[in-house]
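**Student:** When you get a sec, could you give me coordinates for this:
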Amino acid sequence: MKLESLVQEARQCQDRTVAVAAAEDEEVIEAVAMALEHRLGRFVLYGDRERLGRLLKEKGCARFSDVDVVHANSIGQAAELAVRAVHLNEADALMKGHVPTATLLKAVLNKEYGLRTGKVLSHVAVFEVPEFDRFVIVTDAAMNIAPDLEQKVQIVNNAVSIARSIGIERPKVAALAAVETVNPAMPATLDAAALAMMQKRGQIEHCLVDGPLALDNAVSLAAAKHKRIESEVAGQADILLVPDIESGNMLYKSLVYFANARVGAVIAGAKAPIVLTSRADSAESKLYSLALAICSAAK
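**Tutor:** As a prediction, this is how the structure comes out:
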């Protein structure tokens with residue numbers, strides 16, 4: 001599977017608008033320019049009007065009619081205005097610009113104009129791994145430090161929603177641990193086994209869940225067969241649920257830096273998808289994240 005297919009799918013989603021908070025950042029404008037070239041939708045940029053005008057001209061965006069600028073006097077105001085636009089259904093997705101994550105999330109969680117739904121917010125990353133026959137979805141590598149069982153249920157639900165929005169109708173979820181057997185001394189294995197049972201009893205819907213599974217048994221049929229693991233998920237997982245933020249962060253960066261994987265990611269669980277990229281992300285990665293956000297917003 002290619003992430004380019006998400007870009008093509010996003011193009012088919014008509015009249016989608018992305019609100020960009022504190023957009024006066026060269027890499028963010030590059031991503032917006034790429035998205036406009038691919039006709040992914042309309043963009044409303046919140047920030048310093050003068051700086052944005054200069055950047056838009058430099059990056060060749062001034063020729064596009066599908067981009068508007070709303071002046072904000074500060075980063076905090078830009079975040080508030082962008083979030084308000086999504087809250088009021090004037091935009092379908094939110095994108096982080098040159099604004100601290102904490103500042104943006106403060107606006108997202110505001111009780112008056114924010115994007116709260118009562119759900120846990122979680123990071124969902126869709127990877128295109130070279131030589132691999134399907135997308136690999138990793139969650140949660142960026143938001144929840146040490147989620148408990150109840151939070152993991154919501155993290156799974158968020159990831160399943162994103163997977164279904166990109167055409168994986170009944171995703172297979174592997175609850176990862178260091179081993180594939182339940183060990184009372186390893187809490188991740190207990191949570192994984194509980195999640196698998198909850199799915200079997202209908203407490204987690206629209207997916208298959210199995211665990212605990214080690215990474216090799218989750219993604220390699222040969223490894224699963226070698227360990228004699230009989231499961232509809234083992235070796236065929238679409239979603240890899242990591243036990244904590246450390247393991248998720250390391251898996252995420254290993255795929256990028258060792259496997260040369262491409263990635264698009266969103267924050268799920270809010271009223272609308274949030275593109276929360278970092279400065280280290282390439283413009284291409286930001287484009288894929290925007291495409292993923294638009295696809296999930298459309299569904």
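**Student:** Contacts only, for A82.
**Tutor:** A19, V20, A21, V44, Y46, A91, L94, M95, A107 (CB atoms under 8 Å, 6 or more residues apart in numbering). Any C-beta I mention is one placed from the backbone N, CA and C, and that applies to glycine too.
**Student:** which residue packs closest to I294, ignoring adjacent ones?
**Tutor:** Nearest residue to I294, sequence neighbours excluded (CB to CB, 6 or more residues apart in numbering): A10, at 4.2 Å.
**Student:** can you count the residues close to that neighbour?
**Tutor:** A10 has 26 neighbours, counted by other CB atoms under 10 Å.
**Student:** Kindly report the same for G269.
**Tutor:** There are 25 residues near G269, going by other CB under 10 Å.
**Student:** which of the contacts of A82 lies closest to N157?
**Tutor:** Using CB to CB, L94 comes nearest to N157 of those, at 20.0 Å.
**Student:** immediately after the helix or strand harbouring V70, which helix or strand?
**Tutor:** Under the criterion DSSP states H and E, the helix or strand holding V70 is strand 67-71. Downstream of strand 67-71, the first helix or strand assigned by DSSP H and E is helix 75-87.
**Student:** Report the mean per-residue pLDDT for that next one.
**Tutor:** For helix 75-87, the mean pLDDT works out to 96.
**Student:** repeat for stretch 39-48
**Tutor:** Stretch 39-48 shows a mean pLDDT of 93.
**Student:** how does this protein divide into domains?
**Tutor:** Taking the TED database as the criterion, the chain consists of the domains 3-117+270-296, 122-259.
**Student:** C61 contacts I29, doesn't it?
**Tutor:** Yes - using CB atoms under 8 Å, C61 makes contact with I29 at a distance of 6.6 Å.
**Student:** Quickly list what's touching both of those two.
**Tutor:** By CB under 8 Å, 6+ apart, the residues touching both C61 and I29 are L55.
**Student:** Those two - which one has more neighbours?
**Tutor:** Neighbours were counted for C61 and for I29 using other CB under 10 Å; I29 has more, 26 against 22.
**Student:** and that one, what is it in contact with?
**Tutor:** Residues near I29 by CB under 8 Å, 6+ apart: A23, L52, L55, L56, E58, K59, C61.
**Student:** Report the secondary structure element holding the fourth one.
**Tutor:** Here L56 sits within helix 49-58, counting by DSSP H and E.
**Student:** List the buried residues for that helix?
**Tutor:** Across helix 49-58, burial judged by 16 or more other CB atoms under 10 Å covers L52, L55, L56.
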